[in-house]
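A.B. asks: Fold the following for me, if possible:
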Amino acid sequence: MAVVVFSKIGIIGGGISGLAAAKQLAEYNPIVLEATDSIGGVWKHCSFRTTKLQTPRCDYEFSDYPWPLRDNSTFPSYTEILDYLNSYANHFELFKFIKFNSRVIKIRLAKDKPVWEVAVQTNGAIDQWYGFEFIVVCMGKYGDVPIIPKYRKKKGPEVFKGKVMHSQEYSELSRDKSCQLLKGKKVVVVGYKKSAIDLAVECAQANQGEEGKPCTMVVRTCHWIVPHYFIWGLPFYMFYSTRFSQFLHQRPNQGTLRTLLCHLLSPLRKATSKMIESYLLWKLPLVKYGLKPDHPFEEDYASCQMAILPDSFFMEAEKGNINFKRASNWWFWEGGVEFDDKTKIEADLVILATGYDGKKKLRALLPQQFSTFLEFPSGIMPLYRGTINPFIPNMAFMGYVESVSNLHTSEIRCKWLARLIGGKFNLPSVEKMVEQITTEMEIMKKTTRFYKRTCISTFSINHTDEICEEMGWSCWRKKSWLAEAFSPYNSQDYA
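C.D. replies: Numbers count the residues shown, from 1 in each chain. The predicted model follows:
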């Protein structure tokens with residue numbers, strides 16, 4: 001089928017990054033291809049009934065559209081976030097750009113001109129080809145392609161007489177159906193990140209009373225969990241989200257003197273991590289339940305793996321509604337789950353909160369000659385300024401770099417991208433871009449063993465400074481040097 005629709009800009013995905021891209025590139029009348037019937041991305045399609053934001057409200061807002069009530073005492077639910085996103089899209093008239101129920105299934109380069117051709121499926125078959133001079137990929141790392149553990153022969157779900165599902169399948173259930181699924185069941189949740197923790201709480205809530213059955217979490221790797229954003233009475237941002245606090249951490253292009261200072265100040269950095277760990281061990285029964293991580297808190301923060309606990313998580317554990325099993329290896333038997341220490345847990349339902357394969361999702365769409373450039377040998381996706389792959393022409397990627405606020409991270413990059421497309425500045429050479437990417441990768445490797453997640457949380461302010469410099473903006477956005485040093489940065493500083 002021939003290409004029938006041409007546009008300068010194509011945007012794939014209608015989540016947070018897709019909306020930010022549509023807003024910043026509105027002058028080009030972009031076409032936003034959204035696979036489902038609504039905006040919101042993972043907030044719409046991968047959330048549970050108890051899912052809430054992990055950051056304070058004012059750290060998760062667009063620079064030109066603050067929350068109506070910027071109260072940080074509570075974390076908004078996923079439904080509040082969806083209301084906010086719909087309000088944003090209505091306010092800036094973004095819905096006119098969006099084509100719903102338009103799933104991208106293939107991308108190729110035109111043979112005779114520098115145009116990306118995109119195949120879109122709307123009714124079970126390829127209905128239309130679009131042509132774009134530039135594509136912004138905003139599908140993100142989560143959703144669509146779940147990671148399913150691999151098992152040895154006769155050790156997989158086929159031998160289990162109960163039900164097995166991934167957290168993505170669970171998120172598609174209504175409130176009533178999810179409660180009905182969990183009630184009175186022996187449930188095993190595999191995982192210990194935010195989704196797994198929320199699932200365990202929902203299971204405990206559905207199994208109150210004498211007839212209820214406990215939920216067991218299979219914890220393969222312990223990560224630090226946080227009850228709220230205060231440590232020994234001090235706001236959390238003081239430890240990692242100000243210029244002063246980030247001065248203790250390595251960052252790209254810091255020079256010899258700065259590198260020496262980081263080395264000399266490393267005891268202070270380690271002391272900060274120990275201080276937070278001491279508070280969490282005092283506040284939470286991590287040792288009691290065998291959930292104390294073997295690595296420093298700083299490594300989880302530097303890899304964006306810190307999770308905020310639901311209020312009732314350990315209360316339900318105290319009541320016996322949530323149990324924990326530490327295990328690196330596990331498999332199925334007909335009655336449940338078995339471990340390498342020869343112990344077994346009976347189960348009626350096993351839910352895999354094992355994450356998503358965002359790179360596999362991309363590889364399925366891109367031409368083969370480009371799909372090999374989606375990750376360096378280290379496993380990290382190479383993106384200059386978290387946006388441009390030096391080896392893939394006329395294409396940008398949004399939502400593949402994490403920070404304390406993924407919304408802010410995406411929006412500032414979309415502003416940068418709009419100015420790049422508008423000719424306000426030029427990209428450096430491929431060699432220079434690769435050098436910058438490699439430098440950032442090396443810093444992440446030195447900071448955390450979980451570096452493959454591509455997280456910039458310990459040098460996020462410097463990262464944004466460099467983006468501002470390329471755009472010709474001032475890096476220092478506060479009204480005084482005191483505020484610059486000791487107050488946190490958020491989207492409003494870049495309005």
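A.B. asks: Give me the pLDDT value at the residue most central in space within the chain.
C.D. replies: Centroid-nearest residue in the chain: Glu402, 5.8 Å away (criterion: CA atoms, centre = their mean). Note on Glu402: pLDDT of 89.
A.B. asks: next one: the one 5 residues further on
C.D. replies: Among the per-residue scores, Leu407 shows a pLDDT of 92.
A.B. asks: what about it, neighbour count?
C.D. replies: 25 (other CB atoms under 10 Å). No exception for glycine: its C-beta is placed from N, CA and C like everyone else's.
A.B. asks: One more: the one 4 residues further on?
C.D. replies: With neighbours defined by other CB under 10 Å, the count for Glu411 comes to 25.
A.B. asks: quick one on the thing from earlier: for the residue nearest to the centre of the chain, give the beta-bridge partners.
C.D. replies: When bridges are called by DSSP bridges, Glu402 pairs up with Cys455.
A.B. asks: For it, list the residues it contacts.
C.D. replies: By CB atoms under 8 Å, 6 or more residues apart in numbering, the residues touching Glu402 are 304, 409, 453-457.
A.B. asks: Now list the buried members of the residues you listed.
C.D. replies: 304, 409, 453-457 (16 or more other CB atoms under 10 Å).
A.B. asks: tell me the least confident of these?
C.D. replies: Among these, pLDDT bottoms out at Arg453, giving 79.
A.B. asks: Contact partners for the residue nearest to that residue when sequence neighbours are not counted?
C.D. replies: Nearest residue to Arg453 in three dimensions, chain neighbours excluded: Ser303, at 4.9 Å (CB to CB, 6 or more residues apart in numbering). Neighbouring residues of Ser303 by CB under 8 Å, 6+ apart: 444, 448, 450-451, 453, 455.
A.B. asks: Quick check: phi and psi at Ser303.
C.D. replies: phi -110, psi 10 (degrees, to the nearest 10).
A.B. asks: What separation do you get for it and Met139?
C.D. replies: Using CB to CB, to the nearest Å, Ser303 is found at 22 Å from Met139.
A.B. asks: before we move on, what about Phe370?
C.D. replies: 15 Å.
A.B. asks: cool, Leu82 as well?
C.D. replies: 18 Å.
A.B. asks: got it, and Glu93?
C.D. replies: As judged by CB to CB, Glu93 and Met139 stand 23 Å apart.
A.B. asks: Over to Ser328?
C.D. replies: For Ser328 relative to Met139 (CB to CB), the value is 31 Å.
A.B. asks: Among those two, which residue is more densely surrounded?
C.D. replies: Ranked by neighbour count (other CB under 10 Å), Ser328 and Met139 place Met139 first, with 26 against 10.
A.B. asks: Report pLDDT for the more buried one.
C.D. replies: 91.
A.B. asks: which residues touch it?
C.D. replies: Contact partners of Met139, counting by CB under 8 Å, 6+ apart, are 12-13, 358, 361-362, 399.
A.B. asks: Same question for Ser178.
C.D. replies: With CB under 8 Å, 6+ apart, Ser178 has these contacts: 48-49, 170, 202, 206.
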